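Undergrad: here is my input; please provide its structure:
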Amino acid sequence: MRVILGNRATSPTVLGGDAIQQRKTGEALERLGVEVVLAHGEIKTFKGIDLVHLFNIIPVENTLTLFKQAKAAGVPVVLSPIYWDATEFLMHTQSKRERDYLEWWQRTRGQRLLLVREADYLLPNGVAEAELLIREFGTIAPYQIVPNAADKIFYYGNPERFRRRYKQRKFILCVGRICRRKNQLSLIRALQNLDIDLVFVGPVDDYPYYRECRNEKTRCHVHFIDTMDQYELSSVYAAAEVHVLPSWYETPGLASLEAALAGCKIVTTGRGTAREYFGDAAWYCEPGDLDSIRLAVQNALSHPVDRGLREKIRQNYNWDRVGRLTLTAYQHVLGLKV
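TA: Numbers count the residues shown, from 1 in each chain. The predicted model follows:
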């Protein structure tokens, strides 16, 4: 079997969860004997291709272009939507950038509708995502839940590596692109009176928002670190007291999965699929409520680590399992014996 895994043109340089999901799924499929071609923004040829698997319907124009090319070539399309409804978040913010984005979001709804109805098969990351797609778009293509996953390297993180380099001991961690959807400014404001360090790791996606975060007056010490490689990241997860992801939506957030696999306590948004992954072993917050964020963090700080969560993530949310489930979906679409 020869397949193309396609994503937005910027996915090699703007490394988001969709890009990691594309690459790691491809690696898992290759271990199962599938020939994988990664495509970013364009597909040069469909010769010898059995199936195209596209990721992410948020940057919908690029995904729709690849979809139409595949359909014109007579190649079936599997779609990982990685979908969330951005409307509430975009209406909540006062940023001109987000107001412009809201207009675009509403204007392009019909393109997402076409994708989720006309694809041959959908692979949402959780039941909550599938239910959201049905609420938003009504009838959708047949689907199978394929969860997100964390790389096994995070299970073996050495906390002392980070502590020696950055001289940080007790701290709260938030890993992700610095942008309004990830909601770092609300986290800073929620914890402004706590006497504990707050460490952000991730590239800046929105510089005006980053400046707001840097300029916020707070009692806690706030540190920003640019992108780390996986070895360094595994160390910072292992060293942190709590990892917090107060985003407006996550499916469920690769950073939360990685942190849990490293043995870190988890605070995450209640919006999205996180509860399906973490159950009662995490603390949940509302992104628009500072008290909710603060209370969730304080509760996490006052409780011990749930060691069972780490093993649950290791056994159930790994890329080898994702590869097997994805291959089963491909075989179903192609009418092959499973």
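Undergrad: what count of nearby residues applies to residue 199?
TA: Other residues lying near residue 199 total 21 when counted by other C-beta atoms under 10 Å. For every residue, glycine as well, the C-beta is placed using N, CA and C.
Undergrad: which residues does it form beta bridges with?
TA: residue 173, residue 223 (DSSP bridges).
Undergrad: does it touch residue 172 like I think?
TA: Yes - with contact defined as C-beta atoms under 8 Å, residue 199 and residue 172 form a contacting pair (7.1 Å).
Undergrad: where do the contact lists of those two overlap?
TA: residue 240 (C-beta atoms under 8 Å, 6 or more residues apart in numbering).
Undergrad: hmm, who's touching the worst-scoring helix or strand of the chain on mean pLDDT?
TA: In the chain, the helix or strand scored least confidently by mean pLDDT, DSSP states H and E is helix 87-92, which has a mean of 79. With contacts defined as C-beta under 8 Å, 6+ apart, helix 87-92 is touched by 98-99, 101-102, 105-106, 180-181, 248-249, 287-288.
Undergrad: tell me where this protein has strands.
TA: For the chain, applying DSSP state E gives strands covering 2-7, 35-40, 51-55, 77-80, 121-122, 171-175, 197-201, 222-225, 242-245, 265-269, 283-285.
Undergrad: give me the buried positions along stretch 164-183.
TA: 166, 168, 171-183 (16 or more other C-beta atoms under 10 Å).
Undergrad: repeat for stretch 135-143
TA: 137, 140-141, 143.
Undergrad: check stretch 208-217 too.
TA: Neighbour counts over stretch 208-217 (16+ other C-beta under 10 Å) mark 209-210, 213 as buried.
Undergrad: dump these to JSON lines, plus distance to residue 308 and pLDDT.
TA: As requested, the buried residues of stretch 208-217 are exported to JSON lines (distance: C-beta to C-beta, whole Å; pLDDT from 0 to 100):
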{"residue": "209", "distance to residue 308": "36", "pLDDT": "92"}
{"residue": "210", "distance to residue 308": "37", "pLDDT": "95"}
{"residue": "213", "distance to residue 308": "34", "pLDDT": "95"}
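Undergrad: I'd like the strands of the chain laid out as a markdown table, including mean pLDDT.
TA: Output for those, formatted as a markdown table (pLDDT from 0 to 100):
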| stretch | mean pLDDT |
| --- | --- |
| strand 2-7 | 96 |
| strand 35-40 | 95 |
| strand 51-55 | 98 |
| strand 77-80 | 98 |
| strand 121-122 | 98 |
| strand 171-175 | 97 |
| strand 197-201 | 96 |
| strand 222-225 | 94 |
| strand 242-245 | 98 |
| strand 265-269 | 97 |
| strand 283-285 | 97 |
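Undergrad: dump those strands into CSV; add distance to residue 336 as well.
TA: Below are the strands of the chain laid out as CSV (distance: least, C-beta to C-beta, whole Å):
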stretch, distance to residue 336
strand 2-7, 12
strand 35-40, 15
strand 51-55, 10
strand 77-80, 13
strand 121-122, 13
strand 171-175, 39
strand 197-201, 42
strand 222-225, 46
strand 242-245, 38
strand 265-269, 37
strand 283-285, 40
